[in-house]
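> A structural model of the following input is requested.
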Amino acid sequence: MKKIKFSKRVRKKIYNLLEHYHKYYEKIYEDSELWNEENIIQNYIQEADYRQENMVDTITKILENDVVSYPNGTAVIRWKTKYLMIRLTETEDARIIEDIDIR
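Below is the predicted model:
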């Protein structure tokens, strides 16, 4: 099993994606005059947190247990309805995720 490390750039990309996710829904529902507006917004914030954790867990589980080397340092992982295009470097005991593209 290899240790999985996420670069600052990748952590920021994941955070930004899910921050935009929750802000998008917050903007839709703020001032909607629905009686449960705040609950709806909170649910989207919680969902964004869950998605961030789930994405990181999915990447980690797949890459740490995989004994296959990735050609050109690229891995493609299916996550929910998206594909995660991951660029990584490998050392003897670790895989460092240098970049991620979410499609």
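> and the next element down the chain from the lengthiest helix in the chain?
Ranked by residue count, the top helix of the chain under DSSP state H comes out as helix 37-65. Per DSSP states H and E, helix 37-65 leads on to strand 74-79 as the next helix or strand towards the C-terminus.
> Summarise which helices and strands the longest helix of the chain is packed against.
In terms of contacts (3 or more Cβ pairs under 8 Å, 6 or more residues apart in numbering; DSSP states H and E), helix 37-65 is packed against strand 3-6, helix 8-29, strand 74-79, strand 82-90, strand 94-102. Where C-beta positions appear, they are placed from N, C-alpha and C, glycine not excepted.
> per-residue pLDDT, residue 66?
The score at residue 66 is 66. That number is its pLDDT.
> now for the helices and strands packed on helix 37-65, which one comes closest to residue 58?
strand 74-79 (5.3 Å; Cβ to Cβ).
> which parts of the closest one are buried?
Buried positions in strand 74-79, judged by neighbour count with 16 or more other Cβ atoms under 10 Å: 75, 77.
> Who are the packing partners of it?
Under the contact criterion of 3+ Cβ pairs under 8 Å, 6+ apart, the helices and strands touching strand 74-79 comprise helix 37-65, strand 82-90.
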